[in-house]
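Participant: Can you look at this prediction? I've put the sequence above it.
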Amino acid sequence: MKTIELIYPKSLKYLSSHLFFLIKGRLWLKVLVGMIAGIGTGLIVGEPVKVVDGKTASIIGDWVALPGQIFLTLIQMIVVPLVFASVIRGLTSSEDINQLKRLGSRIVIYFLLTTTVAITIGVGITTFIKPGNYVEASSKQILEKGAETVDVDPEVNSPTNTSSVPELIVDILPENPLISMVEKEMLQVVLFAVILGLALIVMAPEKARIILELLGAIQEICMTVVRWAMMLAPLAVFGLIARITIKIGLEALLGMAAYVGAVLLGLLVLLIFYLLIVTLIGRKNPFSFLREIRDVQLLAFSTSSSAAVMPLSMKTAEENLNVRPSVSQFLIPLGATINMDGTALYQGAATVFLAQVYGVELGFTALLLIIATAVGASIGSPATPGVGIVILATVLRSVGIPASGVALIIGVDRILDMSRTMLNVTGDLTACTVMDRLVGGKKSAEEEKAHEEQIEERRRQTQEDVVIANERNYNEGGIYHENHESGI
């Protein structure tokens, strides 16, 4: 019997208790109130009311944004260890190596296809609406002067930097995993986690248990930090919105309204695309699907981080959408890192918008290059607030648009960041629904859940994080423990 069939790490979904108080407390509503209050405060302190002079207003803006900076830092702090630990434990949660192979091969193709569709939607809608034509020269000058600059290295993670496909493949593999973690090269981090996870499932269960228990502790620590960070979310949004409004004023914000509308329309089209997939392939009622995932969507909107809501995403997939645990526990951590369709759509739309603002002509070849570059840049980007605006510089460089153009869209990025994160999470749950039907498994979803409940009962009795089955006496639910060799 294979090691993968004998070892059972505790699912990340059991840490969703860290997030329930956010749902009951209607965090999404508090965030919206904070956003509106931030805009109002910014207009009073800065233009047009301007109750204080410009220097004082800038100082006030920096101080009110402090909770937001702390919030962003806390979320960014935990993403790498949380995703790393969750991918490894998700790999070892499967009981069927053949299912794992089928799932791995198909999900890569699925993610590439949906990401390409998302970017195409963003490029197409922005090309049709032409929001860049609505930005007046005065608004452009205000935005460029008042918005924060983004510290990016446009050479990093660009898919066009390598001269050949073999070199690109070699570059994707993490030569030094620690450097990849420090630099938040998430695709390399995920590949390293997958390699370690595959190594663990062929090791002796008793040896693999030590590492899996350590990773389980890391998951719990990360979710504790997430809980602390979420307490700051409404105040963080208020401060960040207030500061940027103080700096750029109402006129510049209104000038960006067409761009915001184009991106939100693109995200709506992407949501309809997901619902078609759920209906035609997943064979589920699209309205029931939306109703079942509503809580996790609202929480993702509030946090702007798909990684932070992974436990609730797993719980939603398994309990509301009836997805097999072996599918959800593998796909959710993976999707939170490499299935960033909302971010990809935003990058395509923002690139075309900035091309229109700067008067850069984009032919068919340039549009194809935008799509290809955005696919490469979005896959493996960290699941943290604001990351889309950072990696956008890579896409801009590929078609000759100044990377400094990101300063134009920072002011309205908060609402778009929250919206595209909500779509990213929706895409992960859509993928779970589709792959559960296409790949399947030895057991039905109900059988897997019943077996998991048996293991969880043993876990409650023994206080073990990782349970190992006894291969000699193994049957449906026969669990091994040092002092218990009988079945459950």
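Facilitator: Looks like it came in fine.
Participant: Mind listing what's buried along whichever strand or helix holds residue 254?
Facilitator: Applying DSSP states H and E as the criterion places residue 254 in helix 233-255. With burial defined by 16 or more other C-beta atoms under 10 Å, the residues of helix 233-255 counted as buried are 233-249, 252-253, 255. (Each C-beta comes from the backbone N, C-alpha and C, glycine too.)
Participant: And that helix, what does it pack against?
Facilitator: helix 27-45, helix 54-64, helix 66-92, helix 137-146, helix 413-439 (3 or more C-beta pairs under 8 Å, 6 or more residues apart in numbering; DSSP states H and E).
Participant: Out of these, the one nearest residue 330 is which?
Facilitator: helix 66-92 (4.4 Å; C-beta to C-beta).
Participant: which other helices and strands contact the closest one?
Facilitator: Applying 3+ C-beta pairs under 8 Å, 6+ apart, we find helix 66-92 packed against strand 7-9, helix 186-200, helix 205-230, helix 233-255, helix 325-338.
Participant: Please compute how far the last one lies from its chain's middle.
Facilitator: Computed by C-alpha atoms, centre = their mean, to the nearest Å, the chain-centroid distance of helix 325-338 equals 11 Å.
Participant: Can you list the buried residues in the helix or strand following it?
Facilitator: Sequence-wise, the next helix or strand downstream of helix 325-338 (DSSP H and E) is helix 341-358. Buried positions in helix 341-358, judged by neighbour count with 16+ other C-beta under 10 Å: 341-357.
Participant: got it, and stretch 70-90?
Facilitator: Residues of stretch 70-90 classed as buried: 70-72, 74-76, 78-90 (neighbour count, 16+ other C-beta under 10 Å).
Participant: Restricting to C-alpha, output it in CSV.
Facilitator: This file holds the C-alpha atoms of stretch 70-90, laid out as CSV (Å, rounded to 0.1, in the frame of the first residue of the first chain):
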residue,chain,number,x,y,z
ILE,A,70,0.5,47.7,8.8
PHE,A,71,-2.4,45.7,7.4
LEU,A,72,-0.7,45.2,4.0
THR,A,73,2.6,44.2,5.7
LEU,A,74,0.9,41.6,7.9
ILE,A,75,-0.9,40.0,5.0
GLN,A,76,2.3,40.0,2.8
MET,A,77,4.2,38.6,5.8
ILE,A,78,2.2,35.4,5.9
VAL,A,79,1.4,34.6,2.3
VAL,A,80,4.6,32.7,1.4
PRO,A,81,4.7,30.4,4.5
LEU,A,82,0.9,29.9,4.3
VAL,A,83,0.9,28.9,0.6
PHE,A,84,4.0,26.8,0.9
ALA,A,85,2.7,24.8,3.9
SER,A,86,-0.8,24.5,2.4
VAL,A,87,0.4,23.2,-1.0
ILE,A,88,2.5,20.5,0.6
ARG,A,89,-0.2,19.4,3.0
GLY,A,90,-2.8,19.5,0.2
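Participant: Look up the pLDDT of residue 165 for me, please.
Facilitator: pLDDT, residue 165: 56.
Participant: now the one 4 residues further on
Facilitator: Residue 169 is assigned a pLDDT of 64 by the prediction.
Participant: And for residue 115?
Facilitator: pLDDT at residue 115 comes out at 90.
Participant: element containing it?
Facilitator: Here residue 115 is assigned to helix 97-129, by DSSP H and E.
Participant: Next, the angle from that helix to helix 66-92.
Facilitator: Orientation check (axes from the mean of the first three to the mean of the last three C-alpha atoms, to 10 degrees): helix 97-129 against helix 66-92 gives 140 degrees.
Participant: got a list of what the nearest residue to residue 430 once chain neighbours are set aside touches?
Facilitator: Take residue 430 and drop its neighbours on the chain: the residue closest to it by C-beta to C-beta, 6 or more residues apart in numbering is residue 274, 4.6 Å away. The contact partners of residue 274, by C-beta atoms under 8 Å, 6 or more residues apart in numbering, come to 423, 426-427, 430.
Participant: What subset of these is buried?
Facilitator: 423, 426-427, 430.
Participant: Format those residues as TSV; extra columns: pLDDT and distance to residue 29.
Facilitator: Output for the buried ones among the contacts of residue 274, formatted as TSV (pLDDT from 0 to 100; distance: C-beta to C-beta, whole Å):
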residue	pLDDT	distance to residue 29
423	94	20
426	96	20
427	95	24
430	96	25
